[in-house]
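>>> Coordinates for the following, if possible.
(chains A and B, ligands or ions: 3)
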Amino acid sequence: MTTKDGRVTPPINGDTQELDRVTIRFAGDSGDGSQVAGLQFTNTAALIGNDISTVPDFPAEIRAPAGSLPGVSSFQVSFSSYDIHTPGDAPDVLVAMNPAALKTNLPDLPKGGTIIVNTDEFTDANLRKAGYQANPLEDGTLSAYRVIEVPITSMNARALKDSGLNTKQIDRSKNFFALGLMFWLYERPLDPTLRWIEQKFSKNPAVAKANADTLKAGYHFGETAELFPVHYRVPKADLAPGRYRSITGNEATALGFLAASRLTGRPLFYGSYPITPASDILQELARFKNFGVKTFQAEDEISAIGSAIGAAFGGCLGLTGTSGPGLALKSESLGLAVMVELPIVVAMIQRSGPSTGMPTKTEQADLLQAMFGRNGECPVAIVAPATPAECFDIAIEAFRIALRHMVPTIFVSDGYLGTSSEPWRLPSVADLPTIRVDFATDPSTFHPYSRDPETLARPWAVPGTPGLEHRIGGLEKADVTGNVSYDAENHDRMVRFRAEKVARIANDIPDVKLIGDEEGSLLVLGWGSTYGPALSAVQRARARGLSVSHAHLRYLNPFPANLGDVLSRFDRVLIPEMNLGQLLMLIRARYLVDAAGLNQVTGRPFKIAQIEEKINQLVRSKVTIG
Amino acid sequence: MTAQTITEPVPLARKDFVSDQEVRWCPGCGDYSILAQTQKLMPDLGIPREKIVFISGIGCSSRLPYYMNTYGFHSIHGRAPTIATGLKASRPDLQVWVITGDGDGLSIGGNHLLHILRRNVDVVIVLFNNRIYGLTKGQYSPTSEMGKRTKSSPMGTIDHPVNPLSVALGAEASFVARSLDIDVHHLLATLDRAAHHKGTSFVEVYQNCNVFNDGAFMEFADKDVRPDRTITLEHGKPLVFGKDRNKGVRLNGTTPEVVDLGNGISESDLLVHDETREDSAVAYILSRMQYPQYPVPMGVFRAVQRPTYDDLMEQQIRDAVSREGEGDLEALLNEGDTWTVE
Ligand SMILES: Cc1ncc(C[n+]2csc(CCOP(=O)(O)OP(=O)(O)O)c2C)c(N)n1
Ligand code: SF4
Ligand SMILES: [Mg+2]
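Ligands and ions are numbered 1, 2, ... in the order given. Presented below is the predicted three-dimensional model:
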């Protein structure tokens, strides 16, 4: 629990101390409700005006054995009185509901951190399941931490002994006891969670009451037990005025695609095959039937993209979504979409690969797959959101580009962006861009493969339009007529048209912006979810007087028109990526700059400190600190 | 989206469905006949040309959409059902045809075929079965008979073949039929039935590839022997066949038996064809009948009514709208816990 510059401020009065940022990790067995506790804590922090950033961590197994190490699930929330971009490098506080949760999460907790531990679960059996030879609460393992021992299970049971619920049901409420305690510790109101409990368990009043009672019991326990010398307050953050809600990247993505449908006036069709971490989008969009959204759970990813191509042929917004393994299956069909020049969008939420890899862990190693993973010269447009809330705008942007340029567009997000959340300043629908859709209708001028002189887009002629009957397909098309052609010159021309069409999108997208100076020693260039840690690292380095700027790419194919110029104004370029250097390869090849990579493929997002350290290394020799 | 014509539409003729593309099949290929009957059928359907879409995969057979003066999509190998599903589900106003081959539909695209059939998407699927890979010049296909020598099986195949109709029935198809390229009247009538069925219509057409598998069906399909070696299924009628209509098929338990009529066996002993039977067990038994043990059944094996996927999808949207009202994006964005920063 530190302030921005690492100091702890003195208590405001005898027992409340003000902090400007706190990061808490709730960890327990998958059945312990750590996700619910974390989400409720987050909502409350957001509602009272903190900036927030969260990241969940799920076990890969759905029901790993209770108490085992693989069964641990956690939720990290960082809340602050200033603008933050990541859910925190490391937690300040770890709430460990059992020995396994302690064991798996302790390595992330810095020395001096606080551990709130549910002592009731530290039984011999549970210790054994977690692989502890001796009880870490007793053998000095935790001597470097501030350990607060709370018998959460039994106190919860005592609070609910008259609830009429059975032991098992009572035990399920213990996350609310822990949450209540955290609410007291950080001076949060209980009302939002009480309201949520009432709604969520409206069909089961006994459970609702138990959860509410134990939440309050946890809170009062904090008040009366003298375990904590102080409690803490994190004042409101200075966020831009407006109405906010907390949103995950995948939710924002689904809403963005829905908005694209509203803005174009064309129905949205989503074909998808379930895959972590993209399934949320299917599940979200399936809720929007009253918006006319059609969702199709296909038999596989090939069918999913085929259905999207069919929908696009019919004049609808054809959308498919998947992760890296699914994109691999879609590659032949994506080539077809490139050949027939239909405006589909593919949402790809990356996860750790290769192959099945680590499905619940994040990575950015599918950029080159998105870029090149098809046969033939087969360019597509690629966009990538930087933050969870931004997924909304970039999803709209994906369709805007696809429709205006008649080009398949890949929206590249990742598991970290998809599942983490932040406050989203709600746009007003009236302020969103309108997106024009023009169908060809005039038989006297229609040619399936004539091109718009500015964008090189071909006309969109949908079945049902009299007089425009025509045939498209995967065989090479003759320029203008669209008839099958094996002509050598024609093929060369068409390949170049398709490339040029994508290249010209650069005229239609914003320049990449610099945060920091317009020129200098080092540019940190990022894409996707490395935005948060990269930006924070640059801000910290700049606060220390280093000549570092930050630029973030939301458009990966084509790159923004000014990127080459921006790169040329810095002595060095650093590209942090959760892969072995994929953007790095593209940048070096395209701009011939000697960019350096900072690469990590651990399945976890970067920490700010890692990027900061690399920045230090690269600028140390060049910069004098003022 | 489609302009409604106010004046009485001019009736279309077969030539209106012939595209300007030169047909590129080998001379003598059975595909010509299937194309001709398809073009011939179109005007009778009374559907405006712009509302008809032919979607195919890859193979000689899959070239057909180029020759139809309708909307068309020659896609990639095996995937036509997926594109058809997306198109029909999003545009139920269109009449969608899928043209496929034995390799396209049953090998690389087998999975999609299974699923489009069970979903009962309202499209017509015509599978040209020539028991060979034509376009890739003569390798065996999933319907090639066991032991067949082809370029890729010089010692004969060791793959047990698949029976397209049995597969379709197993996949819960609501309409299953078989016809023959050279039996043009039967082919036209079968395609007509398929076009009028609501739900997925699956039609297998025995098609001669005169270059790589010439005469594959000749043993029973040749004009002279056809009446004695095939049997035309007619709904509500007993299974009678033969040039002299003196032979029939009856069921012994679950085993079909060929019998001569007379000598105490009359039509009333024969199996009466019922294409509307809910369970597909008898249709399946018929689909297993093969020459020379049995006459090869031709015609509609099964035609039952079941809600279509595209209708159900529309219905859910109507239900959602009537329950929750037309979607309001502004309200949706503001859903859940929100807070205001002044
Ligand atoms: C992904 C892919 N694999 C292989 C091929 C090559 N290929 C084209 S058609 C075909 C077989 C076609 O057989 P069938 O469906 O029976 O059609 P026919 O030519 O006999 O009408 C094959 C293997 C291809 N086009 N695409
Ligand atoms: S190869 Fe066979 S199926 Fe293909 S066009 Fe020639 S005859 Fe017809
Ligand atoms: Mg074939």
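>>> all helices of the stretch 251-400 of chain A, in order?
A:279-286, A:301-313, A:324-340, A:367-372, A:390-405 (DSSP state H, counting those that start in this stretch).
>>> Now the longest one: average pLDDT?
What it means is helix A:324-340. Mean pLDDT, computed over helix A:324-340, is 98.
>>> Name the residues of chain B found near ligand 3, please.
Taking CB under 5 Å from the ion as the criterion, chain B approaches ligand 3 at residues B:101-102, B:130. Using the backbone N, CA and C atoms, a C-beta is placed for each residue, glycine as well.
>>> Would you format those as a markdown table with distance to ligand 2, pLDDT and secondary structure included?
Below are the residues of chain B next to ligand 3 laid out as a markdown table (distance: CB to the nearest ligand atom, whole Å; pLDDT from 0 to 100; DSSP: H, G, I helix; E, B strand; the rest coil):
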| residue | distance to ligand 2 | pLDDT | secondary structure |
| --- | --- | --- | --- |
| B:101 | 8 | 98 | strand |
| B:102 | 10 | 98 | helix |
| B:130 | 5 | 98 | coil |
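>>> ok, back up a step: deepest-packed of the helices of the stretch 251-400 of chain A, please.
For the helices of the stretch 251-400 of chain A, the largest average neighbour count (mean count of other CB atoms under 10 Å in any protein chain shown) is found in helix A:301-313, namely a mean of 31.
>>> will you turn the helices of the stretch 251-400 of chain A into CSV that also has distance to residue A:507?
Below are the helices of the stretch 251-400 of chain A laid out as CSV (distance: least, CB to CB, whole Å):
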stretch, distance to residue A:507
helix A:279-286, 30
helix A:301-313, 23
helix A:324-340, 20
helix A:367-372, 20
helix A:390-405, 10
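>>> Relative to ligand 1, which of the ones you listed is closest?
helix A:324-340 (6.1 Å; CB to the nearest ligand atom).
>>> Any idea which of the helices of the stretch 251-400 of chain A gets closest to residue A:381?
With CB to CB as the criterion, residue A:381 lies closest to helix A:390-405 of the helices of the stretch 251-400 of chain A, at 5.0 Å.
>>> hang on, the earlier thing: in JSON lines: the residues of chain B next to ligand 3, plus neighbour count.
Below are these laid out as JSON lines (neighbours: other CB atoms under 10 Å in any protein chain shown):
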{"residue": "B:101", "neighbour count": "32"}
{"residue": "B:102", "neighbour count": "26"}
{"residue": "B:130", "neighbour count": "31"}
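>>> How much space separates the residue of the stretch 151-300 of chain B found nearest chain A from ligand 3?
Nearest residue of the stretch 151-300 of chain B to chain A: residue B:171, at 11.3 Å (CB to the nearest CB). Look at residue B:171 and ligand 3: by CB to the ion, to the nearest Å, they are 20 Å apart.
>>> Same question for residue A:19.
For residue A:19 relative to ligand 3 (CB to the ion), the value is 72 Å.
>>> per-residue confidence at that residue?
At residue A:19, the pLDDT recorded in the model is 91.
>>> try residue A:553
98.
>>> what bridges to it?
Legend: beta-bridge partners of residue A:553 under DSSP bridges are residue A:527.
>>> Quick check, it in contact with residue A:560.
Yes. Assessed by CB atoms under 8 Å, residue A:553 is found in contact with residue A:560 at 7.3 Å.
>>> With neighbour numbers in mind, choose between those two.
Neighbour count, other CB atoms under 10 Å in any protein chain shown: between residue A:553 and residue A:560, residue A:553 has more, with 22 against 19.
>>> show me the contacts for that one.
Residue A:553 sits next to A:384, A:512, A:525-527, A:559-560, A:563, A:583 when contact means CB atoms under 8 Å, 6 or more residues apart in numbering or on different chains.
>>> Skipping adjacent residues, who's closest to the residue of the stretch 201-342 of chain B found nearest chain A in space?
Going by CB to the nearest CB, chain A is nearest to residue B:327 of the stretch 201-342 of chain B, at 3.2 Å. Nearest residue to residue B:327 in three dimensions, chain neighbours excluded: residue A:291, at 3.2 Å (CB to CB, 6 or more residues apart in numbering or on different chains).
>>> ok, now which ones touch the one you found?
A:258, A:261-262, A:268, B:326-327, B:329, B:332.
>>> which one of the residues you listed sits closest to ligand 2?
residue A:268 (39.7 Å).
>>> does the residue nearest to residue A:428 when sequence neighbours are not counted sit in a helix or strand, and which one?
Spatially, and ignoring its direct neighbours in sequence, residue A:428 is nearest to residue B:330 (7.2 Å; CB to CB, 6+ apart). Element membership for residue B:330, per DSSP states H and E: helix B:329-333.
>>> Could you name the helices and strands sitting against the very next helix or strand once past that helix?
Going down the chain from helix B:329-333, the next helix or strand is strand B:338-341, by DSSP H and E. Helices and strands touching strand B:338-341, by 3 or more CB pairs under 8 Å, 6 or more residues apart in numbering or on different chains; DSSP states H and E, are strand A:242-248.
>>> between the strand it packs on and helix A:390-405, how many degrees?
Strand A:242-248 and helix A:390-405 are oriented at 90 degrees to each other (axes from the mean of the first three to the mean of the last three CA atoms, to 10 degrees).
>>> what packs against strand A:242-248?
helix A:34-47, strand A:421-425, strand B:338-341.
>>> how deep is the closest residue to ligand 3 within the stretch 201-342 of chain B tucked in, by neighbour count?
Proximity to ligand 3, evaluated over the stretch 201-342 of chain B using CB to the ion, is greatest for residue B:209 at 6.7 Å. Residue B:209 has 28 neighbours, counted by other CB under 10 Å.
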